[in-house]
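Participant: Predicted structure and sequence below. I'll ask about it afterward.
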Amino acid sequence: MRRTPARRILIAILALALIAATFVGVRTVRHALYWADPSHRNVAPEGWMTLGYLERSHHLPHHSLGPALGLTPQPGEPLSLEEIAELREEPLAQLLIEVSAVIEAQKQ
């Protein structure tokens, strides 16, 4: 049986598809296991956290904390609460209290 160039291309495509499927599957399982851990649910805000992390942790709608805090979504990497406090020129402790209050208000 001769291996034709078309057959080699099909085998390469199949191999790439299997690699991609494995990569996506592993990422999905890791994500599911991380958020299934009770220690990652309903966490108290800390300076290293992003608004998206807190939204996932507290099962809030995506992009709901930013507008509630008077922030507009910015393209690029998400900012940590520490970085947001620096931009707002306020102490981190004050922002953490405000974020906690917004989270509690949105849960009700």
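Facilitator: All right, it came through fine.

Participant: Can you pull out the low-pLDDT segments for this structure?
Facilitator: Low-confidence segments of the chain, defined by pLDDT under 70: 1-2.

Participant: Break it down into its structural domains.
Facilitator: 1-36, 39-108 (automatic domain parsing).

Participant: and the ones you listed, which is most packed in?
Facilitator: Mean neighbour counts were compared across the domains of the chain using mean count of other C-beta atoms under 10 Å; the top stretch is domain 39-108, at a mean of 14. In this view, the C-beta of every residue, glycine as well, is placed from N, C-alpha and C.

Participant: Pull the distance from that one to the chain's centre.
Facilitator: Relative to its chain's centre, domain 39-108 lies at 12 Å (C-alpha atoms, centre = their mean, to the nearest Å).

Participant: What are the phi and psi values at S80?
Facilitator: When read as degrees, to the nearest 10, the backbone of S80 gives phi -80, psi 170.

Participant: who's in contact with it?
Facilitator: G47, W48, M49, T50 (C-beta atoms under 8 Å, 6 or more residues apart in numbering).

Participant: Just give me the closest of these to L16.
Facilitator: The nearest member of these to L16, counting by C-beta to C-beta, is T50 at 32.6 Å.

Participant: Work out for me the element the residue lying closest to the closest one once chain neighbours are set aside sits within.
Facilitator: Counting by C-beta to C-beta, 6 or more residues apart in numbering, P78 is the residue found nearest to T50 once chain neighbours are left out, at 4.2 Å. Secondary structure assignment for P78, by DSSP states H and E: no helix or strand.

Participant: Tell me if I'm right that P78 and L54 touch.
Facilitator: No - in this structure P78 lies outside contact range of L54 using C-beta atoms under 8 Å: 10.8 Å.

Participant: Kindly export stretch 97-108 (C-alpha atoms) in PDB.
Facilitator: Extracted C-alpha coordinates of stretch 97-108, given in PDB (Å, rounded to 0.1, in the frame of the first residue of the first chain):
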ATOM      1  CA  ILE A  97     -14.900  47.100  51.800                       C
ATOM      2  CA  GLU A  98     -16.700  48.700  48.800                       C
ATOM      3  CA  VAL A  99     -16.300  45.500  46.700                       C
ATOM      4  CA  SER A 100     -17.600  43.300  49.500                       C
ATOM      5  CA  ALA A 101     -20.700  45.600  49.900                       C
ATOM      6  CA  VAL A 102     -21.300  45.500  46.100                       C
ATOM      7  CA  ILE A 103     -21.000  41.700  46.100                       C
ATOM      8  CA  GLU A 104     -23.500  41.300  48.900                       C
ATOM      9  CA  ALA A 105     -25.900  43.800  47.300                       C
ATOM     10  CA  GLN A 106     -25.800  41.900  44.000                       C
ATOM     11  CA  LYS A 107     -26.400  38.500  45.700                       C
ATOM     12  CA  GLN A 108     -29.700  39.800  47.100                       C
END
